[in-house]
Structure formats: C-alpha cells, structure tokens
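S.K.: Pasted the sequence and its predicted model underneath.
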Amino acid sequence: MASNRFDGIDMLSLVLYPITTGMVLGIWTWSVTVFGGYDFSQGFWSYGSTEISVALALTILSFAWIVWSNEFDGTNYSQAEFYTIVFVFAAPILYALVPFFATFFEPEMFRVVLYFGVCVGAVWTSYTE
C-alpha cells in the first residue's frame, strides 16, 4: 500500500484497535444490556486461569489486519518498525494471558502509558507502510 500516509483500508482497524485495547487493559468496559447482557471484556473461552475475550480477539485481528494490509513481507519494515509490530502484538496478549506481565502494569497510570504506547505503535505501523 502507500507509504507515509494512511490507507483507507486501515481506517476501521485504526478505530477498532484503541477501543478494544482499552477494554483488554481494563481502562474501560463496554457491555450490552439487551438479550441477557454481555460484557465484551469478559472471556468467551477459558482454559484454567486463561481467558480469551471478544476484546482480545478483536485487538489481535484489528492489528493483524493493519499489518496484513500493508503487505508484511519482512523486507519493507525497518528494524524499529519491526520491533514496534512485535510490541504492539505482544503487549495486549501478554497483559491478558500472563499474570506476571500484568502485575508490572498494576498502577492505573502504567496501564494508560502502555495503552498510549501500543496505540501510537499501531498508528505508526499503519502510516509508515
């Protein structure tokens, strides 16, 4: 796709990613109260203490769409961009699935800083490639 500008194909993901990442990190919640109610940050699948929520799945899929739509082939990205992609993919997954990682971000301010870091990384990834 185009370099150093936003692609129209990424716009839905660029809106969806910050919303769902905020739910994964516990910054806010979103629930539907009709038809029995559902909270998007609660797990729909669990194994032991591991829970996969709709918010986590949408976070992963929205950033995967950004990377895939930018024709990720490993040669177009600089080293800094590649590490940013790894960070943006790994941080929400590690926060949701690894309790030891989540304890680093126990204070709310640390979670907000992590949130802004992954959101800026997602926007930068979309913009640069």
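M.R.: Ah, there it is.
S.K.: what about the strands in this protein?
M.R.: In the chain, the strands defined using DSSP state E lie at 31-32, 38-39, 43-47, 50-53.
S.K.: Out of those, which gets nearest to Tyr95?
M.R.: Distance to Tyr95, taken as C-beta to C-beta, is lowest for strand 50-53 among those, at 11.6 Å. In this view, the C-beta of every residue, glycine as well, is placed from N, C-alpha and C.
S.K.: quick one on the thing from earlier: right, so the strands of the chain: which one is the most enclosed?
M.R.: Comparing the strands of the chain by mean neighbour count (mean count of other C-beta atoms under 10 Å), strand 50-53 ranks first with a mean of 16.
S.K.: As JSON lines, the strands of the chain with distance to Phe105 would be great.
M.R.: Conversion of the strands of the chain to JSON lines gives the following (distance: least, C-beta to C-beta, whole Å):
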{"stretch": "strand 31-32", "distance to Phe105": "23"}
{"stretch": "strand 38-39", "distance to Phe105": "21"}
{"stretch": "strand 43-47", "distance to Phe105": "19"}
{"stretch": "strand 50-53", "distance to Phe105": "17"}
